[in-house]
Every structure is written in C-alpha cells, then in structure tokens.
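Novice: Sequence plus the predicted model coming up.
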Amino acid sequence: VASPAALVALSFSGAIGLTFLMLGCALEYYGVYWPLFVLIFYFICPIPHFIAKRLSDDSDAASSACRELAYFFTTGIVVSAFGFPIILARVEAIKWGACGLVLAGNAVIFLTILGFFLVFGRGDDFSWEQW
C-alpha cells in the first residue's frame with residue numbers, strides 16, 4: 001500500500017515536470033507550442049508494460065521475452081521523447097533554451113513514471129495491476 005507521502009511526492013514531481021514543459025512553450029521569449037507534442041510520449045510510455053504484465057500472467061515461458069520486448073518498446077519511446085525536442089531545436093523550430101527546459105521536464109516526468117511503477121507495482125491486491 002502506497003503511503004500518502006509517496007503519493008504527494010509523485011504528484012509534486014509530476015507538477016514540476018509539467019511546469020518545465022510549459023515554461024519551454026509559454027515563455028514570451030520562446031512562444032512556440034511544438035514541444036507539447038512530447039505529451040504523447042508521456043501517455044504511451046507505460047502502455048507496453050501494461051500489455052506485457054497482462055500477457056505474462058498466463059504463461060511463464062513467454063513472460064521473459066514479452067517483458068523484454070516491453071522494455072525495448074518503452075526504451076524507444078523514452079529515447080524518442082528526448083530526441084524530439086533536440087530535433088526541433090536543430091531545425092530551428094524552437095530555441096535551444098526551450099529545448100533545455102523540455103529535456104529537464106522529460107527527465108522529471110519519466111522519473112515520476114518510474115516512481116509510480118516502483119510504488120504501485122508490488123503486486124498487492126490494491127494496485128494499478130487490477131486495471
């Protein structure tokens with residue numbers, strides 16, 4: 001069971017990460033909202049893990065390969081989320097300062113997602129696994 005302090009810490013770190021992302025978009029000096037497309041990566045990041053968790057409950061023989069494939073896809077999603085603002089800055093769609101703020105937001109958000117899985121992924125009866 002997650003403690004209230006862990007829930008507060010996760011929500012606070014998520015808010016900090018989204019603040020970095022919004023600062024990279026909304027500051028008057030930057031003023032371009034293209035980096036908000038990185039939100040798509042935040043939403044699809046946990047999906048391979050959820051699918052692998054559902055499929056690996058049935059058979060132990062395929063669970064390792066399925067879990068490794070989920071790690072591979074998740075790593076690709078995370079690397080793409082870090083590469084997207086760099087490519088936008090490289091083609092001068094956004095400024096490099098905005099890229100730095102988005103990368104800082106990415107680091108905080110993905111650490112928050114990892115923290116969510118560490119806090120709620122223990123396999124108890126009241127967790128995200130029942131979804």
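Specialist: All right, it came through fine. The structure displayed is predicted, hence computed values, not measured ones. Numbers count the residues shown, from 1 in each chain.
Novice: list the contacts for P85?
Specialist: P85 is in contact with G24, P35, V38, I94, A98, C99, V102, L103, N106, counting by Cβ atoms under 8 Å, 6 or more residues apart in numbering. In this view, the C-beta of every residue, glycine as well, is placed from N, C-alpha and C.
Novice: For the chain, which helix or strand comes out least confident on mean pLDDT?
Specialist: helix 47-55 (a mean of 88; mean pLDDT, DSSP states H and E).
Novice: Can you point out the helix or strand that includes I94?
Specialist: Element membership for I94 (DSSP states H and E) is empty, with no helix or strand holding it.
Novice: Give me the distance from the least confident helix or strand of the chain to the chain's centre.
Specialist: 15 Å (Cα atoms, centre = their mean, to the nearest Å).
Novice: Tell me which helix or strand comes right after that helix.
Specialist: helix 63-90.
Novice: What are the buried residues along the first helix or strand past that next one going along the chain?
Specialist: Next helix or strand after helix 63-90 toward the C-terminus (DSSP H and E): helix 96-120. Using 16 or more other Cβ atoms under 10 Å as the test for burial, helix 96-120 gives 98-99, 101-106, 108-110, 112-113, 116, 119-120.
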